[in-house]
Every structure is written in structure tokens, then in C-alpha cells.
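Student: generate coordinates for the sequence data below:
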Amino acid sequence: MHELPQQLVNGLLLGSMYGLIAIGYTMVYGIVQLINFAHGEIFMVGGFGALTVWLWLPGGTTMWVAIPLMIIGAVIVSTTVAVGAERFAYRPLRGAPRLAPLITAIGLSLALQQAVWAWYPNAKSSRTFPEIPGDSIHIGSVTIQPGDLFLVVAAPICMFALGWFVMKTRVGRGMQATAQDPDTAKLMGVNTDRVIVVAFALGAAFAGIAAVAYGFRYGEVNFRMGFLWGLKAFTAAVLGGIGNIYGAMIGGLVLGIAEAMATAYMNDIPGMDKLGGQSWADVWAFVLLIVVLLVRPQGLLGERVADRA
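Tutor: You can find the predicted model right below:
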């Protein structure tokens, strides 16, 4: 039990990354009813965008100068890819049956993954990500590594900024109106095409920031990382109630804590010693999703958008 505070912190950190990525899934679904399965790869290309900025910086550049530039690079790359996907892959299919954009999203995901594998230098294996200098922070029995400090700061700032944007700005209110009824919103003067682009861009920006956090936490980026992390983030979005931006973050935190606890303590349960450890962490994450959906099919916070099916 003396490890419990540390495992809770590990789960919160892991869940914060899931939540940042999940926001992209839930915003796009809430507005256009599209599950953008390419979002995991948008997260992945953001990591390579940040790495590229680092490699281009002159020698001797301090990390505290490099971090803001890496964030900008990750956000620009992720947002450019997401907005391009919306304009050229999803918008022409907006009136098509839902299966068409879903298959397109899966195809785009594979295409982005293979493009990075084929064209990014030495991307066939993991690329080393720079480390944040400094010592670990010790608070009682809890240790926070320097690589986690970025996430500790970035995740709450992103959530508060998104909440303010959606509730207080004209574009944010337009997003809420489009999510509730796009046809009526268009009649009221809302530019729904612009609102949809903004939703894609915001989700991609958060995914890019999550990719920088991933690089600092794990010390590497690779072309495969978007698949599993995208799948986990989608799970978090469904767990929290897809279409609800606050539910996405809460779902991510719940998923992260459950995964950390299962990894740490499942081996200690009699008869369950073979079902613990890191190799089973992904399994328990989806077991949690199944249990929650059996009890509450709409997710933890439900869905705030209208059902337009």
C-alpha cells in the first residue's frame, strides 16, 4: 500500500495523455458524427514534428528555449495534417453513408503511418527524443520525473483553455450550436464549415501537445505509436461519453488510473498472478470499458450532443 500514492500519480499522468488525445475524437464526433480513426496518426506526426524542430535547432540551444519551439512545431504539423484530412478526405464524404468516411479514416491512418515509415529519416526504428534536464521531484512517497513535469503543467492549462474557448468565444458557441443542430445553426448564420475545421484543428493541436509529452515521458517517438495510443484515447472518449469534451478528459483519467492499478497490483491477487504486469495493462483497460458500457452505455458523463441518426 505504500506504493499507492505513486501509482495514483502514474495513473493520472497516463490518463492526462489519453485525455488530451481523446479530446480530438470527441470534438469531431460531437459535431460531425465522425469517428476519426486517423487521429492516432495525427498524434504520431505531431511527435515527429517536435523532433524535427529539435534536430533543426543549432547546437547549444537550451531546452527551455527548445520546448516552446517544439510545441509549436508539433501543433503546426498535427493541425496541418488534420485540416488537410478534413478538407480533402472527409468533407467530400460529408453527405455519404457513415461507413464511407469511417473506411476513409482507417485508410488515412495507414497511409500516414506508412508515409512516416518510408520518408522520415531513420523512422523504421524508434527515434530518440530529447530529455528535460533537472532532478526528480519528491513529494512524500511520490516521485515525479523531469519528463513528466511538462505534462503536469500542460494538461490542466489545455483543459481550462478549451473550456474557456468553447463557453466564452463566438466560435465556441458556434461549435455548440452545430453539435446540437447543424441545419438550424447554418440558418442562424453559423459558418458550419469553419466550425468543423476549427474542431479538427483544436483536436489536432491537443494531440500534438500530447505527442510532445509522450516524447518527454518515454524518451522516444516511433511511427507505430499512434495506433495503440489512438485506440486507448478513443476508448477514453467512449468511456467518458463521446461527444462530451469534459467526459473525454475524465474518461482518460479513469482509464489511466485503472491501467496503472492493474499493472501494479493484479499480480498480488491470489489466482490472478498471471494477469498482471505491463503486458496485461491494455487488456484491463478494455475490460473496464466493457464493464462501464454494460452499466452505463452512454458513458460516464453521457452525451451532450443531439442524436441526429
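
Student: C-alpha from now on. contacts and neighbour counts both.
Tutor: OK.

Student: tell me the buried residues in the lowest-mean-pLDDT helix or strand in the chain?
Tutor: Every helix and strand in the chain was compared by mean pLDDT, DSSP states H and E; the lowest is helix 281-295, with a mean of 84. Across helix 281-295, burial judged by 16 or more other C-alpha atoms under 10 Å covers Ala281, Trp284, Ala285, Phe286, Leu288, Leu289, Val292.

Student: the first one reaches Ala262, doesn't it?
Tutor: Yes: counting by C-alpha atoms under 8 Å, Ala281 touches Ala262, with 6.5 Å between them.

Student: what about the strands in the stretch 101-250 of the chain?
Tutor: For the stretch 101-250 of the chain, the strands defined by DSSP state E, counting those that start in this stretch occupy 127-128, 137-139, 142-144, 220-221.

Student: and those strands, which is most packed in?
Tutor: Comparing those by mean neighbour count (mean count of other C-alpha atoms under 10 Å), strand 220-221 ranks first with a mean of 23.

Student: adjacent strands (with direction) for it?
Tutor: Note on strand 220-221: by DSSP bridges, its sheet partners are strand 127-128 (antiparallel).

Student: which outside residues touch the partner strand?
Tutor: Contact partners of strand 127-128, identified using C-alpha atoms under 8 Å, 6 or more residues apart in numbering, comprise Gly219, Glu220, Val221, Asn222.

Student: quick check: longest helix of this protein.
Tutor: Determined from DSSP state H, the single longest helix within the chain is helix 4-32.

Student: what mean pLDDT does the helix or strand following that helix get?
Tutor: Heading C-terminal from helix 4-32, the first helix or strand you meet, by DSSP states H and E, is helix 39-56. Across helix 39-56, the average pLDDT comes to 97.

Student: residues of helix 39-56 that come out buried?
Tutor: Buried residues in helix 39-56 (16+ other C-alpha under 10 Å): 39-51, 53-54.

Student: where does pLDDT dip in this protein?
Tutor: 1, 267-279, 303-309 (pLDDT under 70).

Student: helices of that one, residue ranges please.
Tutor: Going by DSSP H, the chain shows helices at 4-32, 39-56, 63-85, 99-119, 146-168, 170-180, 182-187, 192-218, 225-240, 245-265, 281-295.
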